[in-house]
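Chemist: how would this look folded up:
(chains A and B)
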Amino acid sequence: MGSDAIKRGLFRGRPLYLITVLALLIVLPLSILAAVTFGTMRLPMGEVYQVIRFELGRIFLRLPIPEEWAPGTPIHDVVWLIRLPRLVLAAAVGVSLSISGVIMQAIVKNPLADPYILGISSGASLGATVAVMLGVGLTLGSNYVGIMAFLGAFCVSMAVIALANVGGRATSVKLLLAGSALSAVCGAFSSFIIYIAHDDHSTGKIVNWTMGSLAAADWENNAAILAVALAGTLFFLTQYRTLNLMLLGDDSAITLGTDLHRRRVAYLVVSSLMVGFAVYNAGVIGFVGLVVPHGARMLFGTDHKKLIPISALAGAVFLVWADVLCRTILPGNEMPVGILTSILGAPVFIYLMARKKYGFGA
Amino acid sequence: MKIEAKAVEALLSGNHILKGIDLETGDRELVGVIGPNGGGKSTLLKCIYRVLKPTAGAVYLDGRALDGYPYRESARRIAVVAQHNYYNFDFSVRDVVLMGRAPHKRALDRDTAEDYNIVAESLETVGMAAFADRSFSTLSGGEQQRVILARALAQRTACLILDEPTNHLDIKYQLQLMDLVRHLDRTVIAAVHDLNIAAMYCDRLYAVKDGRIAGQGSPAELLTPEFIREVYEVDAQVMTDGGGHLHILFHPGMEKAKEGSL
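Modeler: Model prediction:
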């Protein structure tokens, strides 16, 4: 009975689900506000919140900011220009990676899928590298690096699925092999470009990318990724029926009135957009899209109506606290967040892989 | 609602599986499709429920070509209980049956109280109401089959297609499921493995062998010892019991082999 309860989600009941969503909606802003006070520079808590209060007053009510909290003062700049954008970015990246994990898992019908494991993040990273180092895509406008990252992610998504389907239906083994092969190819090309470019400034930036870092956050880029993350999540919220049908397979879906072919491509486009912008802003952060949906599924079952809101919110909270941990775990230094998520996520991946239920070839 | 297949042909990985099949159901008729394994029963049904596209010929629904219906529309008219329903993910029984409401929904529609009522009713009909909160993957093969039937019922279609629906079931549930289908008052096409089940429940039978219709008619007309020998290559005796039910009794294959070798 106990294991059965876990299998179908401990709290499948509706009230608990709604309470959890509400709780997460409250926990997320509270987490961000709490996380602002952590950092290498100790700031009095009261002053931190004064800055946020006055900035919000300026934005929403057009109130003037008093001299002592104004832009240019160290406290203002640390809180408003460094820490807060970074945490908002963490939340947006957490949402994007968790949701694209959920979507990839539905598309390939396998809970082991994740943008990192399938090489999609590496594809995005290659796209961004090509854009930054070689200036490809400059004509695409001010967000051209993000768009190139999206194109990289999309190409790899399509390629992984095509490769895994060569010679019969895609299996877990083929998917993982295709993912790691393409990941290696993209990684090698990225390294090659960085190596021949010999540009110390950009190289540092790209090393940050490959390890995943939220340090480069600023409000201007945040606006774009927030928009993509929110729009993507809202879009997939409307698609929960089709996502459920995807898990039944193409044949059952047709008898239930949905042809999955076109939907699959559309979902790949949207989730690649989310991964692309996440990677462009924060680099390759692995396993978030694996761990968060898995946890959500354990508690609330597979129904995407519940899975999407829970995963989005939990992913945001997860990455906010992961970032806090990264900034405080090494005294006087900070750790790239991608390293932390891999340390936490890889064992979960191995556990899922070893469990017979997700057996290879299934 | 009437389903009609005209000169349907199908190729599967280069093999000519269906070589021109004509089939027709009356309104609310229970039509059985029988025949040996590999003869094309499943392939024919797949053409009818649109998972396969016939390479020649066409299937018509109330006189209109099936190709002309959007998938959503055909799923509102035909529901399917297929052979294998294996899922890598865990859904509750209720979630699975609720998917039967999908063809009636647009992307932004909510699941209404009516949908949940239909789900509960369908589960009640197949005797699985107590299992609504169970995980689908923890059920036995027979229970899963009944849940899939409930999902098909929740589609509220005029036609039902059953692809060897009683395959994994104990005899009790085979009879139960066919009784249930019999009383649905819908147009049903069922591929049936067991000739006795087919004889007991179907209004009319089509025998498919080597991709062609080998014969058709009411069970009593079609199921003669000669015909069974021709189609299945076994000896059988056909008798009618006191209740007017047709029974097919098979003879052990060894007897024939002995006769042949001696």
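
Chemist: what's the neighbour count on B:Tyr232?
Modeler: By other C-beta atoms under 10 Å in any protein chain shown, the residues close to B:Tyr232 number 18. No exception for glycine: its C-beta is placed from N, CA and C like everyone else's.

Chemist: next one: B:Gly63
Modeler: B:Gly63 has 7 nearby residues by other C-beta under 10 Å.

Chemist: Also B:Glu124?
Modeler: Number of residues near B:Glu124 (other C-beta under 10 Å) recorded here: 14.

Chemist: Mind telling me what element it is part of?
Modeler: Element membership for B:Glu124 (DSSP states H and E) is helix B:113-125.

Chemist: chain center to that helix, what's the gap?
Modeler: Relative to its chain's centre, helix B:113-125 lies at 22 Å (C-alpha atoms, centre = their mean, to the nearest Å).

Chemist: With stretch A:96-107 instead?
Modeler: Counting by C-alpha atoms, centre = their mean, stretch A:96-107 is centred 9 Å from the centre of its parent chain.

Chemist: what does stretch A:236-256 give?
Modeler: Centre to centre, stretch against its chain (C-alpha atoms, centre = their mean), the figure for stretch A:236-256 is 23 Å.

Chemist: Skipping adjacent residues, who's closest to A:Leu268 in space?
Modeler: Excluding the flanking residues, the one nearest A:Leu268 by C-beta to C-beta, 6 or more residues apart in numbering or on different chains is A:Ser157, at 4.8 Å.

Chemist: these two touch, right, the one you found and A:Ser272?
Modeler: Yes. If you go by C-beta atoms under 8 Å, A:Ser157 and A:Ser272 touch, sitting 5.3 Å apart.

Chemist: Can you pull the residues that touch both of these two?
Modeler: Common contacts of A:Ser157 and A:Ser272, defined by C-beta atoms under 8 Å, 6 or more residues apart in numbering or on different chains, comprise A:Ile120.

Chemist: Assign B:Val8 to helix, strand or coil.
Modeler: Three-state call for B:Val8 (DSSP: H, G, I helix; E, B strand; the rest coil): strand.

Chemist: Check the one 10 residues further on too.
Modeler: Reduced to three states with three-state DSSP, the structure at B:Leu18 is strand.

Chemist: what's the answer for the one 10 residues further on, then?
Modeler: Under three-state DSSP, the three-state class of B:Arg28 is coil.

Chemist: got the contact list for it?
Modeler: B:Asp185, B:Arg186, B:Thr187.

Chemist: Low-confidence ranges, the stretch 151-300 of chain A, go.
Modeler: A:168-170, A:206 (pLDDT under 70).

Chemist: Residue of it nearest chain B, please.
Modeler: In the stretch 151-300 of chain A, the residue that lies nearest chain B is A:Gly257 (3.1 Å; C-beta to the nearest C-beta).

Chemist: Is that residue located within a strand, as I assumed?
Modeler: No. Counting by three-state DSSP, A:Gly257 is located in no strand; its state is coil.

Chemist: Could you check how many residues crowd around it?
Modeler: Neighbours of A:Gly257 using other C-beta under 10 Å come to 22.

Chemist: you'd agree it is up against B:Tyr69?
Modeler: No. Taking contacts as C-beta under 8 Å, A:Gly257 lies outside contact range of B:Tyr69: 10.0 Å.

Chemist: interface residues of the stretch 51-200 of chain B facing chain A?
Modeler: Contact residues (C-beta under 8 Å from any C-beta of the partner chain) of the stretch 51-200 of chain B with chain A: B:51, B:71-76, B:78-80, B:82, B:85, B:87-92, B:95, B:99-100, B:102-103, B:105, B:107-108, B:111, B:133-135, B:137-138, B:155.

Chemist: Check the stretch 51-200 of chain A for the residue nearest chain B and tell me.
Modeler: For the stretch 51-200 of chain A, C-beta to the nearest C-beta, closest residue to chain B: A:Lys109, 5.7 Å.

Chemist: Of all residues in chain B, which one is nearest the centre?
Modeler: What sits nearest the mean C-alpha location of chain B, by C-alpha atoms, centre = their mean, is B:Leu162, with 1.9 Å.

Chemist: and the residue nearest to it when sequence neighbours are not counted, which of the three is it?
Modeler: Take B:Leu162 and drop its neighbours on the chain: the residue closest to it by C-beta to C-beta, 6+ apart is B:Ala190, 4.0 Å away. Recorded secondary structure, B:Ala190: strand (three-state DSSP).

Chemist: B:Ala190 contacts B:Asn167, correct?
Modeler: No. Contact criterion C-beta under 8 Å: B:Ala190 and B:Asn167 do not qualify, at 11.6 Å.

Chemist: okay, the two: which has more neighbours?
Modeler: Of the pair B:Ala190 and B:Asn167, B:Ala190 is the one with more neighbours under other C-beta under 10 Å, namely 26 against 16.

Chemist: If I look at the more buried one, what pLDDT would I see?
Modeler: pLDDT recorded at B:Ala190 is 95.

Chemist: Now do the contacts for the most centrally placed residue in chain A.
Modeler: Of all residues in chain A, the one closest to the mean position by C-alpha atoms, centre = their mean is A:Leu97, 2.0 Å from it. Contact partners of A:Leu97, counting by C-beta under 8 Å, 6+ apart, are A:Pro115, A:Met274, A:Val275, A:Ala278, A:Ile285, A:Val288, A:Gly289, A:Val292, A:Gly315, A:Leu319.

Chemist: what do you get if the cut-off is 6 Å, keeping everything else the same?
Modeler: A:Ala278, A:Val288, A:Gly289 (C-beta atoms under 6 Å, 6 or more residues apart in numbering or on different chains).

Chemist: Just to check, the first one is in contact with A:Val93?
Modeler: Looking back up the chat, that one is A:Ala278. Yes. The criterion here is C-beta atoms under 6 Å, and A:Ala278 meets it with A:Val93 at 4.6 Å.

Chemist: ok, back up a step: give me phi/psi at the residue of the stretch 151-300 of chain A closest to chain B?
Modeler: A:Gly257 adopts backbone torsions of phi 90, psi 10, taken as degrees, to the nearest 10.

Chemist: Run through the strands of the chain in chain order.
Modeler: Unless you meant another one, I'm taking chain A. Taking DSSP state E, chain A contains no strands at all.

Chemist: The chain in question should be chain B.
Modeler: Using DSSP E, strands in chain B cover B:3-12, B:15-24, B:30-34, B:56-61, B:64-65, B:78-81, B:159-163, B:187-191, B:204-209, B:212-217, B:236-240, B:246-250.
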